[in-house]
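> Show me how the following folds:
(one chain, ligands or ions: 1)
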Amino acid sequence: MSDAVGTAAAVKVLGICGSLRKGSYNAAALRAAQELAPDGLTIETFDIAPIPIYNEDVRAEGLPPAVEQFRERIRAADALLFVTPEYNYSVPGVLKNAIDWASRPPEQPFAGKPVAIMGATPSVLGTARAQYHLRQILVFLDMHPINKPEVMIAAASGKFDAAGRLTDETTRDFVRQLLTALRDWTRRLTAK
Ligand SMILES: Cc1cc2nc3c(=O)[nH]c(=O)nc-3n(C[C@H](O)[C@H](O)[C@H](O)COP(=O)(O)O)c2cc1C
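Residues are numbered from 1 along each chain as shown. Now for the predicted structure:
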């Protein structure tokens, strides 16, 4: 693929949303990221809804199919993008649960992957506390998070229209900047 930074292959990103809600602002933000992806970066998504609640006894009998699929999709991606709400000042249980499943040995698939984080909330702090908790988890899993820009979408009800389209131009710019940084960071780390 030809683009502004040369003829390198496109960076393949797997986008993961931390909300299962149909009208989710975070799902809408992930769709916006797909729409705003810069040249040289593409985003596919993985739905974590079918992943069961973690149980070590179940794991001992073999990974559930949804977990196997999640691990394969992570492995196949050049980079990850987490888009998550904040629940009680932290990462929603469904997202932590999916990460916990995928993280189990052998060969946990997160190691070495570049990663970016975004989040949206109707409230005022833009998911900052959840993002810092998530960042800590991702660093433990040996991922390489983008530092800046931080895309923390506060007061989300005024930034998406009724159809779930991100309409706030400043936020759209931040999303573009984050994805450009993710593309360039991935290329630096993988020489892609
Ligand atoms: C259990 C629970 C805890 C929540 N805690 C927070 C919180 O700590 N901070 C915050 O900004 N919003 C909090 N919220 C409100 C969410 O930001 C809001 O429900 C948001 O719309 C969820 O994201 P979604 O639209 O992508 O589903 C909480 C919501 C739930 C259901």
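
> residues touching the most centrally placed residue in the chain, list them.
Nearest to the mean C-alpha position of the chain, by Cα atoms, centre = their mean, lies residue 82 at 1.6 Å. For residue 82, the contacting residues are 16, 18, 95, 115, 116, 117, 118, 134, 138, by Cβ atoms under 8 Å, 6 or more residues apart in numbering. To be clear about C-beta, it is placed using only N, CA and C from the backbone, and glycine gets the same treatment.

> which SSE is the fourth one in?
Counting by DSSP states H and E, the element that carries residue 115 is strand 114-120.

> immediately after that strand, which helix or strand?
Counting by DSSP H and E, what follows strand 114-120 is helix 128-140.

> for that next one, packing partners?
Helix 128-140 makes packing contacts with helix 93-102, strand 114-120, strand 144-145 when contacts are defined by 3 or more Cβ pairs under 8 Å, 6 or more residues apart in numbering; DSSP states H and E.

> Mean neighbour count and distance to residue 22 added to the ones you listed, as CSV?
Converted to CSV, the helices and strands packed on helix 128-140 look like this (neighbours: other Cβ atoms under 10 Å; distance: least, Cβ to Cβ, whole Å):
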stretch, mean neighbour count, distance to residue 22
helix 93-102, 20, 14
strand 114-120, 27, 15
strand 144-145, 18, 29
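
> May I see the ones you listed arranged in JSON lines, with mean pLDDT and distance to the ligand as well?
Listed next are those as JSON lines, based on pLDDT from 0 to 100; distance: least, Cβ to the nearest ligand atom, whole Å:
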{"stretch": "helix 93-102", "mean pLDDT": "98", "distance to the ligand": "9"}
{"stretch": "strand 114-120", "mean pLDDT": "98", "distance to the ligand": "6"}
{"stretch": "strand 144-145", "mean pLDDT": "98", "distance to the ligand": "20"}
